[in-house]
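Q: make a model of this:
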Amino acid sequence: MQCIKVKIQRGLLLGIVMGLSAGIAILLLTLSAIFLVCKWRRDIQKRLRKKHFQDNQGLLLEQLISSYENAKDVTKISLEEIEKSTNNFDPTCILGRGGHGMVYKGILSDQRVVAIKNQ
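A: Next comes the predicted model:
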């Protein structure tokens, strides 16, 4: 009877070890598959964004901005000029609501049309 008990215990132990090993292997395969699918989707999104950027003249805009040396200096606008261009944030100049406040349409003194977010 002792021999039978030992065989049963070894078989049971072997079954438990094999079951745990198979479970861990399946878990690792599942997590790897999920990771690869997420990475694949992210790559697709990056390619779509890049294609959309190129299709909508994003490269031209990027070149225009980079070719203009003083773009940073010219885009600095004083609060007084912003208030004047939006007619003191007149409700008729509202374009919409952004994530952090209202967006107003303004026309600067050099006739540039701008969108200004008021927090």
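Q: what ranges does the chain have for its helices?
A: 2-55, 58-67, 71-75, 79-85 (DSSP state H).
Q: ranking those by mean pLDDT, which is last?
A: Among these, helix 71-75 carries the lowest mean pLDDT, a mean of 60.
Q: quick one, what contacts residue 28?
A: Neighbour list for residue 28: empty [criterion: Cβ atoms under 8 Å, 6 or more residues apart in numbering]. Where C-beta positions appear, they are placed from N, C-alpha and C, glycine not excepted.
Q: before we move on, back to that, which one of the helices of the chain is the most hemmed in?
A: helix 79-85 (a mean of 13; mean count of other Cβ atoms under 10 Å).
Q: Serialize the helices of the chain to JSON lines and add fields for distance to residue 119.
A: Output for the helices of the chain, formatted as JSON lines (distance: least, Cβ to Cβ, whole Å):
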{"stretch": "helix 2-55", "distance to residue 119": "27"}
{"stretch": "helix 58-67", "distance to residue 119": "25"}
{"stretch": "helix 71-75", "distance to residue 119": "18"}
{"stretch": "helix 79-85", "distance to residue 119": "12"}
